[in-house]
Structure formats: structure tokens, C-alpha cells
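my questions concern the predicted model and sequence given below.
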Amino acid sequence: NDPNRAEEMSSRHNVQSYNSLDELLDSCDAVSIVTPTGYHYAVADKALDAGCHLFIEKPITSTLPEADNLLRLAEDSGTIIQVGHIERLNPALLALDSYTLKPKYIEVQRLAPYTARGTEVPVVLDLMIHDIDIVLALVKSPVKTIHASGLSIMTDSVDIANARIHFENGTIANITSSRIAKDKVRKLKAFQDEMYVTIDFLLGLTEVYRVVNKKDPNALMSVPLNETGGSKQIVYEKPLVQAADPLRMELSNFIDSIRGNATPAVSGANGREALKVAIQIHEMILKDLH
């Protein structure tokens with residue numbers, strides 16, 4: 001599914017050849033599954049039966065019943081499942097860790113130029129699922145309703161998709177994904193009481209606009225954008241984005257989780273919820289198209 005991830009794994013370790021998958025699994029404590037999504041379940045099922053901890057590329061599986069079965073098997077065997085939603089470890093997003101985020105409205109765009117590779121996978125399960133996972137992590141509330149639309153332009157699958165998700169806590173997220181855009185775009189904007197955040201995942205740029213009391217000591221460390229004459233003012237902050245390798249971070253997190261020193265950045269349950277929403281969006285688009 002991700003040749004870069006497979007190459008990264010093989011370049012860091014002495015790669016041993018095995019005659020069969022069963023032979024490989026019997027010699028492993030943990031494995032990374034980076035096959036095409038359609039094979040995730042079959043390989044993961046064997047790996048869990050062998051007692052292996054699993055790192056699975058996104059999406060976790062092709063269907064919800066498959067994901068549910070894997071989660072049950074992992075619980076029964078006491079093994080860990082971590083899902084490779086790597087954007088959760090994007091340094092531009094991690095730069096907001098010191099802020100209290102309670103967004104009321106989120107706008108996300110993930111656009112890419114057209115390439116023939118990977119077009120057999122709907123854009124919702126290929127691109128949009130990244131942002132579905134991020135939004136679910138930010139909002140932390142059950143989904144109430146979903147409205148979605150999309151188009152097939154270059155392929156027989158859905159190439160452009162838009163979803164408007166209403167959460168039970170009142171938050172609204174509007175997510176757009178396209179694989180026939182002129183340029184790559186990966187941006188998120190989040191609005192909440194007295195704060196507005198923008199993230200450019202490609203540029204690694206994070207910006208924060210906050211409404212603060214002029215007497216707040218923290219206001220002295222920020223850049224004022226206006227002079228209202230009142231007790232409040234808008235300030236601009238540019239959180240430090242630490243240079244980091246998200247791939248190395250998620251694999252290290254996986255190892256630390258196995259050792260009991262951490263919890264998975266994106267658990268199997270997280271991956272299952274992102275898949276659930278993605279499937280709902282995709283099925284809604286297909287129903288509308290037909």
C-alpha cells in the first residue's frame with residue numbers, strides 16, 4: 001500500500017527471507033501490514049492468530065465487519081493494533097499540543113493532481129480518510145448526521161468528494177477531497193470561541209489567532225492585530241513547528257506501545273471509527289450518483 005513505508009522498514013533492519021507467511025509470523029513479535037487494503041484482513045487475521053502485534057496501514061480494513069473481527073481478536077489475544085494514519089503525527093498538527101482545542105467549525109481541503117496510481121480506490125478511502133481521522137480526534141464527539149456529495153471525473157470511481165459532518169456536541173466539519181486538482185493542497189482551519197487556527201500540512205505552517213484580555217500576561221508574548229479600544233484584542237501567534245519524521249515517530253510509538261511505555265497514536269478502534277465514517281460518506285455519494 002505504501003512503498004515508501006516498506007522501503008523505510010527494510011532499510012533499517014536486516015531483511016530475512018521466509019518461505020511462507022506462517023513461517024514469518026511464527027518468528028515475529030510484531031509486524032507491519034502494508035499490503036493493498038483488500039489483503040489487510042487476511043494477513044492481520046493470521047498475524048493475530050500467531051500472537052503478533054500489528055501496525056496496519058490505513059484504512060484498517062475494507063469493511064467494518066473485518067475491522068470489528070480484528071479488534072475482537074486483538075482483545076482476546078492481548079495484542080496491539082495501531083493504524084497508520086500518519087497525518088496525526090504531522091509536526092504542524094503537533095505544534096498545537098499546548099493549546100486547548102474545542103472547535104465548533106472545521107474546514108479541511110486535501111487536493112492532489114491526477115495520477116493513474118491508486119485510482120482503483122475511491123478518493124474518500126484514499127485521501128479524505130486522513131482528514132476524517134484528524135477531525136474525529138479533534139472533536140471527540142459522536143457523529144450525528146452526515147451529508148455528502150461527489151463526482152466521478154477521470155475514473156470509474158469517485159474522484160471528488162465533499163462531506164459535511166454534524167457532531168452531537170454541535171460541531172460542524174466540512175471536508176473536501178479531490179485527486180484531479182492542479183496543485184497539492186492540504187489545509188485545515190478550525191474555529192472556536194475566541195480562537196482561530198490554520199494548518200498547512202504541506203508547508204509545515206501553523207498559525208493561531210486568539211482573542212485575549214489586554215491585561216493577560218500571555219498577550220505580551222503575542223503580536224496584536226488590532227486596537228479595539230476595549231479590554232480585548234486579537235493577537236497572532238506562530239507556534240514552533242518542530243522538525244520531525246512522522247514515519248519514524250509512528251513506528252517508534254508502535255514499539256513503545258508494545259513495551260507498555262506508550263499508547264498507540266492511532267489505535268485500532270480509532271482506525272475503525274475513521275473507516276466507519278468514510279464508508280458512510282462513500283455509500284452516500286454512490287447512492288446520489290446512481
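Nice, I can see it. Numbering: from 1, shown residues only.

now the biggest helix by length in the chain: average pLDDT?
Longest helix of the chain, by residue count under DSSP state H: helix 268-289. Averaged over helix 268-289, pLDDT sits at 96.

residue 196: how many residues sit nearby?
Using other Cβ atoms under 10 Å as the criterion, residue 196 is surrounded by 16 other residues. Yep, even glycine has a C-beta here, placed from its N, CA and C like the rest.

kindly report the same for residue 39.
Using other Cβ under 10 Å, residue 39 has 14 neighbouring residues.

gap between it and residue 80?
In this structure, residue 39 and residue 80 are separated by 20 Å, where distance is defined by Cβ to Cβ, to the nearest Å.

show me where pLDDT drops low in the stretch 101-250 of the chain?
Per-residue confidence of the stretch 101-250 of the chain (counting by pLDDT under 70) places the weak regions at 118, 216-230.

other SSEs contacting the longest helix of the chain?
With contacts defined as 3 or more Cβ pairs under 8 Å, 6 or more residues apart in numbering; DSSP states H and E, helix 268-289 has these neighbours: strand 53-57, helix 64-77, strand 81-84, helix 129-139, strand 143-151, strand 160-167.

the fourth one to helix 268-289, inter-axis angle?
The reference is to helix 129-139. Angle between the axes of helix 129-139 and helix 268-289 is 120 degrees (criterion: axes from the mean of the first three to the mean of the last three Cα atoms, to 10 degrees).

give me the residues contacting helix 129-139.
Outside helix 129-139, the residues within contact range by Cβ atoms under 8 Å, 6 or more residues apart in numbering are 58-59, 85, 87-88, 93, 101, 103, 106, 108, 110, 163, 165, 167, 169, 171, 173, 175, 177, 188, 190, 266, 270-271, 273-275, 277-278, 281.
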